[in-house]
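Trainee: Need the 3D shape of this:
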Amino acid sequence: EWLFNLGASHHITNDLHNLSIKSDYNGFDHLQVANGTTFPISHNGSTIILTTQNIKPLRLSNILCVPKVTQNLVSISKLCQTNDVSIEFFPWHFEVKDMNTGAVLLRGLNDGDIYKLPKSSSPKSFITQSTSSILLWHSLLGHPASRPLLHALKSNNIHFQGLFNKCSHCLANKNHKLPFHKSSIHSSSHLQYIFSDVWGPAPVISIDHFRYYVIFVDHFSKHTWLYPMKNKFIVSLIFPIFKKLVETQFNCQIQNFYSDNGGEFLKLKPFFQNHGIYYLTTPPHTPEHNGISEHKHCHIQEIARCLIHQASLPPKFWTFVVQKTTYLINRLPTPNLKMKSPFSKLFN
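Mentor: Numbering: from 1, shown residues only. As a prediction, this is how the structure comes out:
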């Protein structure tokens with residue numbers, strides 16, 4: 001059983017199995033209880049509480065595992081701060097509500113003047129269901145569409161239960177324009193065509209002081225490389241680094257480079273000429289002609305917004321999120337490659 005506690009500064013458990021992610025505790029602190037007794041901390045970790053209809057799982061982060069305590073405690077202040085929720089207490093029950101929407105995420109009872117977490121939502125129950133919850137895998141893999149998600153799970157023999165229902169994070173953060181027409185460009189090998197574009201300026205400067213990022217997309221494998229930037233004109237410094245990296249790794253040369261007519265790319269014209277790279281640009285005011293890069297930006301931004309929304313992260317961490325998003329996209333199957341991943345296509 002997990003009890004809600006207003007005075008606890010941390011979530012506390014006495015059972016290591018309640019932690020879905022855990023590590024040894026290397027600090028020197030001890031847990032001090034109300035009568036002054038101190039107990040050693042063996043591990044720390046995190047887990048998730050399932051909510052009503054799995055609308056928005058609640059994260060319990062930095063849980064302290066203290067084997068000698070007799071009760072599992074949920075710190076009310078930590079729960080509210082981490083998940084952007086409020087808790088309303090009534091004489092016989094309590095409700096956990098989303099601060100943004102007001103939706104009731106969880107209800108529990110007052111049992112013997114103690115507000116307890118429902119057993120169906122307890123972290124221990126969550127662990128037994130985690131390997132079979134399709135919503136959990138949808139969240140962990142960066143909110144992919146149903147077809148790539150199901151293909152990835154089935155091809156890796158991962159068993160799951162339930163249907164692929166609408167995800168509140170996807171509904172809040174994904175929107176689509178009509179698709180671009182298919183490109184007439186065809187490629188038969190790595191680095192035959194590299195598509196590139198710059199995103200930014202970001203509405204919020206990142207915690208590491210970046211405002212832009214540039215992507216390079218290999219047309220053949222659809223693999224994406226992403227580089228954060230403090231200003232967009234350092235593309236001329238980043239591209240030579242990228243070129244040396246991929247040409248050394250794959251033992252072949254970049255043949256064609258496709259971008260819009262941005263000044264940051266036009267500065268590279270002499271470099272392209274000196275290295276035998278054919279430079280292609282879009283007509284003015286027609287980003288659709290650079291549709292591969294534009295679509296990739298859209299994909300990265302949608303998934304990044306979902307992950308930030310799900311984790312209740314401050315927007316200033318966006319650079320870390322877009323890099324993690326790119327990592328996930330590169331490793332998930334895509335219909336554009338007949339349900340292969342860009343990573344597997346790139347590395348055969």
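Trainee: Sort out which residues of stretch 155-170 are buried, please.
Mentor: With burial defined by 16 or more other C-beta atoms under 10 Å, the residues of stretch 155-170 counted as buried are 160, 167-170. Using the backbone N, CA and C atoms, a C-beta is placed for each residue, glycine as well.
Trainee: next one: stretch 247-260
Mentor: Neighbour count says stretch 247-260 has 250, 254, 256-260 buried, by 16+ other C-beta under 10 Å.
Trainee: what does it rub up against?
Mentor: Residues outside stretch 247-260 that contact it (C-beta atoms under 8 Å, 6 or more residues apart in numbering): 185, 189-197, 243, 246, 265, 268, 272, 275-282, 287, 290, 292-293.
Trainee: nearest to Thr70, of the buried residues of stretch 155-170?
Mentor: Ranked by distance to Thr70 (C-beta to C-beta), those are led by Phe160 at 35.5 Å.
Trainee: Leaving out sequence neighbours, find the closest residue to the closest one.
Mentor: Of all residues not flanking Phe160 in the chain, Ile134 sits nearest, at 4.5 Å (C-beta to C-beta, 6 or more residues apart in numbering).
Trainee: Surely that neighbour and Ser146 touch.
Mentor: No: the pair Ile134 / Ser146 is not scored as a contact, 9.0 Å apart, by C-beta atoms under 8 Å.
Trainee: more neighbours, these two?
Mentor: The neighbour comparison of Ile134 against Ser146 (other C-beta atoms under 10 Å) goes to Ile134, with 19 against 12.
Trainee: Let me know the pLDDT of the more buried one.
Mentor: Per-residue confidence (pLDDT) for Ile134: 79.
Trainee: Would you quantify the distance from it to Ala103?
Mentor: In this view, Ile134 and Ala103 are 21 Å apart by C-beta to C-beta, to the nearest Å.
Trainee: now do Thr326
Mentor: Plainly put, Thr326 is 31 Å away from Ala103 if you go by C-beta to C-beta.
Trainee: Which one's more surrounded, these two?
Mentor: Applying other C-beta under 10 Å to Thr326 and Ala103 shows that Thr326 carries more neighbours, namely 23 against 16.
Trainee: For the residue nearest the centre of the chain, list the residues it contacts.
Mentor: Closest residue to the average C-alpha location of the chain: Leu307 at 4.0 Å, with C-alpha atoms, centre = their mean. Going by C-beta under 8 Å, 6+ apart, Leu307 touches 142-143, 313, 321, 324-325.
Trainee: Just the helices from the stretch 51-200 of the chain, written as ranges.
Mentor: Secondary structure of the stretch 51-200 of the chain (DSSP state H, counting those that start in this stretch): helices located at 76-83, 123-130, 134-140, 146-155, 168-173.
Trainee: In the stretch 51-200 of the chain, where is pLDDT below threshold?
Mentor: 53-55, 120-132, 162-165, 175-183 (pLDDT under 70).
Trainee: quick one: the strands in it?
Mentor: All strands of the stretch 51-200 of the chain, identified by DSSP state E, counting those that start in this stretch, fall at 58-65, 72-75, 85-89, 93-98, 104-109, 193-199.
Trainee: Could you list every helix and strand in contact with the last one?
Mentor: Other elements packing on strand 193-199 under the criterion 3 or more C-beta pairs under 8 Å, 6 or more residues apart in numbering; DSSP states H and E are strand 212-218, helix 235-250, strand 256-259, helix 291-311.
Trainee: which stretch among the ones you listed comes nearest Lys119?
Mentor: Closest to Lys119 of those is helix 291-311 (C-beta to C-beta; 24.7 Å).
Trainee: who's in contact with Leu332?
Mentor: 141-142, 144, 148-149, 152, 341.
Trainee: make it 10 Å
Mentor: Neighbour list for Leu332: 141-142, 144-145, 148-149, 151-152, 303, 339, 341-343 [criterion: C-beta atoms under 10 Å, 6 or more residues apart in numbering].
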